[in-house]
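S.K.: Turn this into a structure:
(chains A, B, C and D)
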There are 2 protein chains.
Amino acid sequence: MKQYSIKDIAKLCNVSTATVSRVINNNGRFSEETKNKVLEVINQTGYMIDDSARSLRTNVTYTIGILVPDIKNPFFADLVQKIEELLFSKNYSTIICNTDKNEKKEQAYLHMLENKKVDGIIVISGSYQHGFKFQSSLKEIPYICIDREPENFHNTVFISSNHYQGGLDATNYLFNRGSQFPAIVVKKINSSTKSRIAGFKEALKNHQVKFLKSHQELKLTNKNAVKKFLAKNPQVDGFFAADDNIAISLIQYLKELNYQIPKQIQIIGFDDIPAANVLTPKLTTIQQNTKKIAQTAVNSMMNAINKQNEKGSQFLIPTKLINRETTR
Amino acid sequence: MKQYSIKDIAKLCNVSTATVSRVINNNGRFSEETKNKVLEVINQTGYMIDDSARSLRTNVTYTIGILVPDIKNPFFADLVQKIEELLFSKNYSTIICNTDKNEKKEQAYLHMLENKKVDGIIVISGSYQHGFKFQSSLKEIPYICIDREPENFHNTVFISSNHYQGGLDATNYLFNRGSQFPAIVVKKINSSTKSRIAGFKEALKNHQVKFLKSHQELKLTNKNAVKKFLAKNPQVDGFFAADDNIAISLIQYLKELNYQIPKQIQIIGFDDIPAANVLTPKLTTIQQNTKKIAQTAVNSMMNAINKQNEKGSQFLIPTKLINRETTR
DNA sequence: TATATTTAATAAAACGTTTACAATCCAAAA
DNA sequence: TTTTGGATTGTAAACGTTTTATTAAATATA
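M.R.: Purely as a prediction, here's the structure:
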């Protein structure tokens, strides 16, 4: 039952541990003969390397930590899954840390990741306003940021969708499909939504419409609010929802208020979560290219690990409009 | 920049490494005075323990591996998130392994987890028919199975929802709401759906209706198939969909065929994925208690780690019917 | 006071690798 | 034959912990 160690293998092969190690790592030179002998014995015994020992010696763990605010969010789940897949193909393990946007958990996880001496950390959409401790402790471990740049991180690699362009495209689409007065609905202001709003405003400008405060609304969180808003602003004939979940509840309220979608009011969302394609009517939305984001992130992570400093770089990944039934 | 080791701390404290270690682990005896001194220095230096070294010595990693077929599936995501949270509260790290139901990835991940000497493995809904290598290599590492018992695992702890009861409840509900001839729609046969079907059949028996082959259908994968099926079996006035995704497409087809839901045909699903509550009409479904499943699983895992053998145990967690709009 | 007991601390080995350096082997060159 | 040098292998230290056995010091007991 006892696990075999490299010493056992060495003894069984009449060879030194150094040689066994070299064969395992295909590193240094050895004769074809010893190589075969060692491999043979390893196979027979079912010897498994001990990564703790190896890491202790080499200071490399082949493990990456991912900090994610909410793995149940389909966009994050998708992103994490794709990153994990890529890392796996490069022989890295991934430790996924669900922070719940909870400062305590963030700190604790960072501690854990440091203790585990992970080779790098990928931070997805962190808020981390309390970044001080975070930043200082991460001096040693390379990290990159995806989706949202944590406020207290500076001079880091930063990868996200081009939210600005996405917002611009979405709004232009509403115009092109006949809306005269589109409004944007936002719930939380952060670096992503800020860019989407900027895109929205740019589209207005392109269409020679001046941005009024009725163009942007934050509090359409129930049927009544929507009713009131539309009574006050009857000219509104389109909504750019800053994310699909906002769009989903908006559609629900509008249907309850007997508005016709997209005939009277068009709607476009952002993210393309699975539910978007299952609604009645199906949601037109802006899809983020999670695959490309993941690729870029993993690529940057590898560069960071290999001391190829990219700090300060920003990678903006294009989005794609998915036309469904909430636009004309 | 160099990382402090326990030796450095010991030197700075005029004390042996053994003492430092004992203070860190709050283990063995030491005076209040030395304890304070050591803690003080640790704080000042920012010393961080090296888990590789510790694991090498103790043979304990405080890490658990989770094998999951598809983290993007909301049910799995939910389950994994809850397990992770519980493990975290017990100071365990979680390595989430997304296997994509791909044998190669399963094997490779198991290898990885073994090399990393994780303290335990939680297998979610594995297929693992090719289990030989799996099983043999897992002789040393405790594992438990959730949701579906892998076919080549024997004598393991097994935790899942009570699919039988869920199926029974679902079908009874259709009857109670006025259906005379409910049919069950299944896509894949596995241990979970088998139980759901068994529950369905039991409900038929309870209502003195004999199970005919028209009661169960596997291939309603497009509008036309549904049309044909209903033409041939006009008496069908309710569907128990073996999972919510089946229910969702079913609803879509039925709507396109101008059936009225739930007036003409009632539908009930299984899982309660987020989309279920966003459909038109909203889906009545059977909700799994992921929280309870997660708790039970983590509990069993801890027992397994502590050599409290529960092998052979089965834990069946009750489900809950969520009444929405696809039933009368 | 002498002895037994409790408490605090240490020294050193061990965990399983990798690797710098040294040693050996063997064929080819001189 | 001797020398040389490349290829192969070995020796032993090191990585940062924990822990066993031991000692030293302090305290209690007789």
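
S.K.: what's the following helix or strand after the helix or strand of chain A with the lowest mean pLDDT?
M.R.: Taking mean pLDDT, DSSP states H and E as the measure, chain A has helix A:132-137 as its least confident helix or strand, at a mean of 50. Moving toward the C-terminus from helix A:132-137, the next helix or strand (DSSP states H and E) is strand A:143-146.

S.K.: by contact count, what packs against that following strand?
M.R.: For strand A:143-146, the contact count by 3 or more Cβ pairs under 8 Å, 6 or more residues apart in numbering or on different chains; DSSP states H and E identifies strand A:120-124, strand A:157-161, helix A:290-305 as packing neighbours. The way it works is simple: take the backbone N, C-alpha and C, and place the C-beta from them, glycine included.

S.K.: which stretch among the ones you listed comes nearest A:Ser93?
M.R.: In terms of Cβ to Cβ, the element of those nearest to A:Ser93 is strand A:120-124, at 11.8 Å.

S.K.: name the element the residue in the stretch 51-200 of chain A positioned nearest to DNA strand D belongs to?
M.R.: Nearest to DNA strand D, among the residues of the stretch 51-200 of chain A, is A:Arg57, at 3.6 Å (Cβ to the nearest atom of the strand). Applying DSSP H and E as the criterion places A:Arg57 in helix A:51-58.

S.K.: name the helices or strands packed onto that helix?
M.R.: By 3+ Cβ pairs under 8 Å, 6+ apart, helix A:51-58 packs against helix B:51-58.

S.K.: List the buried residues of the helix it packs on.
M.R.: Neighbour-count burial for helix B:51-58, counted by 16 or more other Cβ atoms under 10 Å in any protein chain shown, picks out B:51-56.

S.K.: And for stretch A:241-260?
M.R.: Within stretch A:241-260, the residues scored as buried using 16+ other Cβ under 10 Å are A:241-255, A:259.

S.K.: Over to stretch A:258-272?
M.R.: Neighbour-count burial for stretch A:258-272 flags A:259, A:261-262, A:265-272 (criterion: 16+ other Cβ under 10 Å).

S.K.: And for stretch A:10-19?
M.R.: A:10, A:12-13, A:15, A:19.

S.K.: same check, this time on stretch A:99-114
M.R.: Applying 16+ other Cβ under 10 Å to stretch A:99-114 flags A:99-100, A:105-110, A:112-114 as buried.

S.K.: still on that earlier bit, would you mind getting the angle between the helix holding A:Arg57 and helix B:51-58?
M.R.: Put simply, helix A:51-58 runs at 130 degrees to helix B:51-58, going by axes from the mean of the first three to the mean of the last three Cα atoms, to 10 degrees.

S.K.: Determine if any part of helix A:51-58 is in contact with DNA strand C.
M.R.: Yes. Residues of helix A:51-58 contacting DNA strand C under Cβ under 7 Å from any atom of the strand: A:53-54, A:56-58.

S.K.: any idea how far that helix is from the chain center?
M.R.: 30 Å (Cα atoms, centre = their mean, to the nearest Å).

S.K.: For it, which outside residues touch it?
M.R.: A:60-62, A:117, B:50-53, B:55-56, B:61, B:115-117 (Cβ atoms under 8 Å, 6 or more residues apart in numbering or on different chains).

S.K.: And the furthest pair within those?
M.R.: Spanning the widest gap among the contacts of helix A:51-58 are B:Asp50 and B:Asn115, at 17.9 Å by Cβ to Cβ.

S.K.: When those two are compared, which one has more neighbours?
M.R.: Per other Cβ atoms under 10 Å in any protein chain shown, whichever of B:Asp50 and B:Asn115 has more neighbours is B:Asp50, with 20 against 16.

S.K.: That'll do, ta.
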